[in-house]
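> Below: sequence and its predicted model.
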Amino acid sequence: MTDIRSNYARIAATYDGKWADVLAVHAKAVADRLPLTSAGRVAELGCGPGRLLDHLATLAPQARVLGADLTEAMIRRAPAQYGRVVADVQALPFAAGSLEAVVMPFVLFHLPDLPRGLAAVRRALATGGSFGAVTWSGHDPHPAYDVWVRVINEYGAPADPSPQMPSNGVTSDPEKLAAALTTAGFGQVDITVERFRHQPTAAEFLAHSRVIGSMARRLDLLPAERRTACLAAAEEALAELVPEDFVESGTILYSTARAA
């Protein structure tokens, strides 16, 4: 998980902006599906800058709300009134059965060992405790991203040295994810396919893409002068697109379950 930690440390300031707000919409939506009214201890694992924590506190007014993240630079941005801890999901620092609910928006696909991570979460949950997650599934055509990739390839950017979604093959598939949750000791598994849509401006797309994601990591590997030229070429090519070409859309999975 070291590469994931270092990557998110590098992008923390940029991530803690519009992108965190975009993802928080879906984090809140899956949390709304959980029975949290009388929960006593609720944790968001992989909380990043903590956009969901206030919402969890509203949904679970009696709870101690906790945020955990692999990256210290991220969790330092989370609201200080909540418990915050730097932690690896695959080796959680919580006692067995000590949590009554866990929410993990846009996290599961990052885990190098998904069965180990899910087993750790199940261990931390009390029997009957609630679990919620959001994961990427399918992606619609995205002309702006295609242009971005083409320009970076033309400038000879090396391959991404740090793939970030090693478990995506399971977490993007409803049947495989349901099976993984069941094997880890969860019951009442319910997975629904939802829509994701985000429309940045051309400037917002470029500002985001030059810092966050696989192409940004490739861009960083170019020598400074070549990187500057690549960005200029990308900006020129993106200027030829229409606003709809910048829409990022597709399907995501909302998963809920109970600790059996």
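Perfect, thanks for sending it. Here the structure is a predicted model, which means the values were calculated and not measured.
> Can you name the residues that contact the most centrally placed residue in the chain?
Residue closest to the average C-alpha location in the chain (C-alpha atoms, centre = their mean): residue 106, at 2.8 Å. Residues near residue 106 by C-beta atoms under 8 Å, 6 or more residues apart in numbering: 23, 26, 27, 46, 134, 135, 136. In this view, the C-beta of every residue, glycine as well, is placed from N, C-alpha and C.
> Let's have the residues you listed in CSV, adding distance to residue 221.
Output for the contacts of residue 106, formatted as CSV (distance: C-beta to C-beta, whole Å):
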residue, distance to residue 221
23, 26
26, 31
27, 31
46, 26
134, 30
135, 28
136, 24
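> Let's see which of those end up in strands.
Judged by DSSP state E, strands contain the following of these: 134, 135, 136.
> Of all the residues in stretch 184-197, which ones are buried?
184, 185, 186, 189, 191, 196 (16 or more other C-beta atoms under 10 Å).
> Distance of the nearest residue to residue 93 once chain neighbours are set aside relative to residue 182?
Residue nearest to residue 93 in three dimensions, not counting chain neighbours: residue 87, with 5.3 Å by C-beta to C-beta, 6 or more residues apart in numbering. From residue 87 across to residue 182, the span is 25 Å (C-beta to C-beta, to the nearest Å).
> okay, the most far-flung residue of the chain relative to its centre: pLDDT?
Within the chain, the residue lying farthest from the chain centre (C-alpha atoms, centre = their mean) is residue 225, at 32.0 Å. On pLDDT, residue 225 comes in at 96.
> Could you do residue 1 as well?
53.
> so where is the stretch 1-150 of the chain shaky, pLDDT-wise?
Where the stretch 1-150 of the chain drops to pLDDT under 70, the residues are 1-2.
> can you give me the helices in it?
2-15, 18-31, 53-59, 72-75, 114-124, 143-154 (DSSP state H, counting those that start in this stretch).
> so after the last one, what's the next helix or strand?
Going down the chain from helix 143-154, the next helix or strand is helix 168-171, by DSSP states H and E.
> Go ahead and produce PDB holding the CA coordinates of the host helix or strand of residue 188.
Assigned by DSSP H and E, residue 188 belongs to strand 186-198. Provided in PDB are the C-alpha atoms of strand 186-198 (Å, rounded to 0.1, in the frame of the first residue of the first chain):
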ATOM      1  CA  PHE A 186     -21.400 -10.600   5.300                       C
ATOM      2  CA  GLY A 187     -25.100 -11.300   4.800                       C
ATOM      3  CA  GLN A 188     -28.100  -9.400   3.400                       C
ATOM      4  CA  VAL A 189     -25.800  -8.200   0.600                       C
ATOM      5  CA  ASP A 190     -27.500  -5.700  -1.700                       C
ATOM      6  CA  ILE A 191     -25.800  -4.200  -4.700                       C
ATOM      7  CA  THR A 192     -27.400  -1.700  -7.000                       C
ATOM      8  CA  VAL A 193     -26.100  -0.200 -10.200                       C
ATOM      9  CA  GLU A 194     -26.200   3.600 -10.100                       C
ATOM     10  CA  ARG A 195     -25.200   6.400 -12.500                       C
ATOM     11  CA  PHE A 196     -22.300   8.700 -12.100                       C
ATOM     12  CA  ARG A 197     -22.000  12.000 -14.000                       C
ATOM     13  CA  HIS A 198     -19.600  14.900 -13.600                       C
END
